[in-house]
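**Q** could you look at this predicted model? Sequence included:
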Amino acid sequence: MTSARSFYIFFIVSILNISFVFSQANNTQTLLGKEQIYVDVPLTNVKFIPPAHFIYMEQNRGYMHVGTSSSVQVLEVKGTAYTMITSGLTADYFKSQGVSLVGSEDVTTKEGKKGKIFTVSFFVENVEFERLMFFTGDYNNTIWINANYPVAVKEMLNPVLKESLLTARFIQ
């Protein structure tokens, strides 16, 4: 198969995936999955409800939606309260890391825990992306979730990803 034909097939499949997600954009519950099933995140003590159509990819240790080039990576920081981590995340800090702070907001998880979401922007090969950096936890441990998406699909994915992030909790 020629590379031009391969690209064409990839392009059509991507458009179909994006069209499906756009058609579902007004129904957050559908995008999170009708059954609202929590999954245990491998190699962590965390569970959450990933957005529908995001598949766990072991090689990336995260959830991917290939059609939109979006991803969700769940991390656990043991021995540190999330407030200690977030207190150092300033605009200057983000700038030193090569990203721009778009904004931050205090949030409450579905479980009633306090948290914080930072939104930063960056470029990958001239394509602008945003990253939601979500932090919550207790005095001893932090749940840290990064959700990345192209800015071109922000209106569709940002609310869905936030809804998913707010389902995160420790496995009891």
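**A** Arrived safely, thanks for sending.

**Q** only C-alpha atoms for contact and neighbour calcs from this point on.
**A** Noted.

**Q** for this structure, what helix or strand is lowest in average pLDDT?
**A** The weakest-scoring helix or strand in the chain, judged by mean pLDDT, DSSP states H and E, is helix 3-23 (a mean of 44).

**Q** now the most centrally placed residue in the chain: closest residue in space that isn't a chain neighbour?
**A** Among the residues of the chain, the one closest to the centroid is Ala147, at 2.0 Å (C-alpha atoms, centre = their mean). Distance criterion C-alpha to C-alpha, 6 or more residues apart in numbering; nearest residue to Ala147, sequence neighbours excluded, is Val72 at 4.3 Å.

**Q** go on, Ala81?
**A** When the adjacent residues along the chain are set aside, Ala81 lies closest to Tyr139, with 4.6 Å between them (C-alpha to C-alpha, 6+ apart).

**Q** show me the contacts for Tyr56.
**A** For Tyr56, the contact set (C-alpha atoms under 8 Å, 6 or more residues apart in numbering) comprises 62-64.

**Q** same thing but at 10 Å, please
**A** The contact partners of Tyr56, taken as C-alpha atoms under 10 Å, 6 or more residues apart in numbering, are 41-42, 50, 62-65, 71-73.

**Q** show the pLDDT at it.
**A** Looking at Tyr56, its pLDDT is 93.

**Q** now flag whichever of the contacts of Tyr56 is closest to Leu166.
**A** Using C-alpha to C-alpha, Pro50 comes nearest to Leu166 of the contacts of Tyr56, at 10.3 Å.

**Q** pull the helix or strand harbouring Thr119 out as CSV, backbone CA atoms only.
**A** Element membership of Thr119, judged by DSSP states H and E, is strand 114-124. Output in CSV follows, covering the C-alpha atoms of strand 114-124 (Å, rounded to 0.1, in the frame of the first residue of the first chain):
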residue,chain,number,x,y,z
LYS,A,114,-10.8,19.7,47.1
GLY,A,115,-8.5,19.9,44.1
LYS,A,116,-7.0,22.3,41.6
ILE,A,117,-6.8,22.3,37.8
PHE,A,118,-4.1,24.2,35.9
THR,A,119,-4.5,24.7,32.2
VAL,A,120,-1.3,25.3,30.2
SER,A,121,-0.7,25.6,26.5
PHE,A,122,2.2,24.4,24.3
PHE,A,123,3.0,23.6,20.7
VAL,A,124,4.0,20.2,19.1
